[in-house]
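Chemist: Generate coordinates for the sequence data below:
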Amino acid sequence: MIASRRALAWASVFWLLLLGTLLALAGSWAWERHHAWAQLLQTLEPRVARLEGLAGSRERLQQAVQQAERDVLRHAYPATRDASQAGNDAQQRVRELFSRPGLDVLSLQVLPARAVDRFDRIPIAVRVDGELAVLQATLAALPTLTPSVFVEGFALQGASASEAAPPRVVAELQLFVLRSRPGAG
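Modeler: Take a look at the predicted model:
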């Protein structure tokens, strides 16, 4: 009888230890899961707050996007227009701008387009001859063109022969226009 009590006590101790070990392992696993989820929540809370802030600013963001699209249309040819068409149109507008006030357009050449970020950059080389004051006025009118024509560089060379006449110059300008690239943005 003593042996059976001892066996029963050892069996009870064994099962209690086994049950205690299983409970400790389950508690440890639950604690680790709790800790991992708490860390995940800490990293997600700032992101959720930013997204809620963006959702609250949705209307202002849409207005800013629309303004940016209008600005791109103001300064660049649309992607629906071929680069050569855009270059030819810019060439005609530049020729008209420089020849209208009385400058002589000596040469005007559209160079091959280069891809730059989201745009095709279409260079235009211009050489004009005329009075300095007229050239200055024409360059001041350049920002009125839509889409914009940008000045990359220029060189002036005096061409006057007499001091009595208004100063004449020969100007070489490196201009460019932008065209939105298809699929960009």
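Chemist: Would you mind checking the average pLDDT for whichever helix in the chain runs longest?
Modeler: Longest helix in the chain, counting residues (DSSP state H): helix 2-56. For helix 2-56, mean pLDDT is 90.
Chemist: same check, this time on stretch 115-129
Modeler: Average pLDDT, stretch 115-129: 93.
Chemist: How about stretch 101-111?
Modeler: Here the average pLDDT along stretch 101-111 is 92.
Chemist: tell me which residues of it are tucked away?
Modeler: 103, 105, 108, 110 (16 or more other C-beta atoms under 10 Å). The C-beta positions use only the backbone N, C-alpha and C, and glycine is treated the same way.
Chemist: can you check stretch 76-96 too?
Modeler: Residues of stretch 76-96 classed as buried: 76-77, 79, 83, 86-87, 89-91, 93-94 (neighbour count, 16+ other C-beta under 10 Å).
Chemist: quick one, what contacts W37?
Modeler: Listed by C-beta atoms under 8 Å, 6 or more residues apart in numbering, W37 has no contact partners.
Chemist: I'd like the distance between it and A159.
Modeler: Distance, W37 to A159, using C-beta to C-beta, to the nearest Å: 79 Å.
Chemist: that older thread, identify, from the buried residues of stretch 76-96, the entry nearest to L16.
Modeler: Nearest to L16 among these, counting by C-beta to C-beta, is A79 at 76.6 Å.
Chemist: which parts of stretch 59-70 are buried?
Modeler: So for stretch 59-70, nothing qualifies as buried (16+ other C-beta under 10 Å).
Chemist: According to the record, where do the domains of this structure fall?
Modeler: 2-56, 78-180 (automatic domain parsing).
Chemist: picking up where we left off before, out of the buried residues of stretch 76-96, give me the two with the largest separation.
Modeler: Applying C-beta to C-beta across the buried residues of stretch 76-96, the maximum distance is between A79 and V94, 21.6 Å.
Chemist: Save the domains of the chain as CSV, and put in distance to V65 too.
Modeler: What follows is the domains of the chain, written out as CSV (distance: least, C-beta to C-beta, whole Å):
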stretch, distance to V65
domain 2-56, 13
domain 78-180, 15
